[in-house]
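Novice: Provided below for reference: sequence and predicted model.
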Amino acid sequence: MSQEKQAYLNGAYYGPPIPPPPKTYNRPGRSGGCGCCLIDCGCCLLGCVFKIIFSILILIGLAVLVFWLIVRPHEVKFHAVDATLTEFNFSGSGNDTLYYNLNLDLTVRNPNRHIGIYYDEIEVRAYYLDQRFGVVEVSPFYQGHKNTTSLSVPFKGQNVVALSSSQSSDYNSQKNEGVFDIYLKLYLKIRFKVGWVKVGKFKPKIKCDLNVPLSSSGKGFEATKCKYDL
C-alpha cells in the first residue's frame, strides 16, 4: 500500500505552498540613468544642468585663449610729451579767479598688431589743487595698428577757483618756484576693431600728474607717462 501511494505521487512534494516571488517596483529616483531622472528627479536635473554649464565655460575659456594667442592684446600708452604755460595767475578782489593759458601735447600709442581703436569721445579735464579749471573736447579719430597719434590740447581762459588759506600758500610757493602741479584726467569712450569686427563700448579713465613750468621761468617740461585710473 505504501509503495502504491508513492508510485502514484511520482516524486511530487506535498507540503506548505511556496510563496510567489516578491514584486519589485522601479521607484522614481532610484534608477541610475539620467533620462528618467530628468522627468522625475530634480537633483539629477540640476546635476545635468551643471555639467552643461561647465562644458560651455570650458569652451568659452578655450575660445578666449585661442583669441589671446592670435591677437596678443597690449595696453594702449598715453604720454604728456610737452607743455607750454604762459599764464597762470589769480586776480580779483577775492583772488578767486584763475587766468590760464596752457597748451599740452599728448601722444597715444597703440602697440597692437591686430587691433585698431575707435576713439569716439575724449574729454580732457585739468585740475589745480584738486579743483577743476578747464575742460577740452578732442575730436574723435580712428587709430590703426602699431600707430602713435599726437594730440594738441589747449586750455585758455578764466575760471573761478576758490582756494583755502593753505592752498593759497601752496600756490604762492609754486609761483615762486615757477613750476605748478597740474593734474589731468582723460575720459574716453572707445571701441576695438579686430579684422572686420568692431567690439565693445569701453570707458577707460587716464590720469596724468604733471609738473608744468612757466615759460618765463626758463625751465623745461619733463615728459610724463600717464596711468590708468582704476
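Specialist: Nice, I can see it.
Novice: going forward, measure contacts and count neighbours with C-alpha atoms only.
Specialist: Will do.
Novice: Tell me if I'm right that residue 210 and residue 224 touch.
Specialist: Yes - counting by Cα atoms under 8 Å, residue 210 does reach residue 224; the two are 6.9 Å apart.
Novice: Looking at the two, which one has more neighbours?
Specialist: Applying other Cα atoms under 10 Å to residue 210 and residue 224 shows that residue 210 carries more neighbours, namely 20 against 16.
Novice: Model confidence score at that one, please.
Specialist: What the model reports as pLDDT for residue 210 is 98.
Novice: cool, and the one 3 residues further on?
Specialist: As predicted, residue 213 sits at a pLDDT of 97.
Novice: How about it, nearest residue that isn't a chain neighbour?
Specialist: residue 179 (4.0 Å; Cα to Cα, 6 or more residues apart in numbering).
Novice: tally of neighbours for that neighbour?
Specialist: By the other Cα under 10 Å criterion, the neighbourhood of residue 179 contains 21 residues.
Novice: so what's it up against?
Specialist: For residue 179, the contacting residues are 211-214, by Cα atoms under 8 Å, 6 or more residues apart in numbering.
Novice: Tell me the spacing between it and residue 222.
Specialist: 11 Å (Cα to Cα, to the nearest Å).
Novice: Which neighbours do the two have in common?
Specialist: When contacts are counted by Cα under 8 Å, 6+ apart, residue 179 and residue 222 have residue 211 as shared neighbours.
Novice: Just the strands from this protein, written as ranges.
Specialist: When secondary structure is read from DSSP state E, the chain shows strands at 77-91, 97-110, 115-128, 131-138, 141-143, 147-160, 179-194, 197-202, 205-213, 224-225, 227-228.
Novice: Residue 170 is nearest to which of the ones you listed?
Specialist: strand 179-194 (9.5 Å; Cα to Cα).
Novice: Name the residues that touch stretch 216-227?
Specialist: Taking Cα under 8 Å, 6+ apart as the criterion, the residues outside stretch 216-227 that touch it are 77-83, 86, 178, 206-213.
Novice: are any of those residues buried, and which?
Specialist: Neighbour counting with 16 or more other Cα atoms under 10 Å marks 77-80, 82-83, 86, 178, 206-213 as buried within these.
Novice: Pull the most distant pair out of these.
Specialist: Across those, the longest distance by Cα to Cα is 28.8 Å; it joins 77 and 178.
Novice: what's the domain layout of the chain?
Specialist: Following automatic domain parsing, the chain resolves into domains at 34-71, 77-228.
Novice: which of those domains sits most buried?
Specialist: Among the domains of the chain, judged by mean count of other Cα atoms under 10 Å, the one packed with the most neighbours on average is domain 77-228 (a mean of 16).
Novice: picking up where we left off before, export the strands of the chain to JSON lines and tack on distance to residue 59?
Specialist: Compiled in JSON lines, those are given as follows (distance: least, Cα to Cα, whole Å):
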{"stretch": "strand 77-91", "distance to residue 59": "32"}
{"stretch": "strand 97-110", "distance to residue 59": "30"}
{"stretch": "strand 115-128", "distance to residue 59": "23"}
{"stretch": "strand 131-138", "distance to residue 59": "41"}
{"stretch": "strand 141-143", "distance to residue 59": "32"}
{"stretch": "strand 147-160", "distance to residue 59": "33"}
{"stretch": "strand 179-194", "distance to residue 59": "21"}
{"stretch": "strand 197-202", "distance to residue 59": "20"}
{"stretch": "strand 205-213", "distance to residue 59": "32"}
{"stretch": "strand 224-225", "distance to residue 59": "38"}
{"stretch": "strand 227-228", "distance to residue 59": "31"}
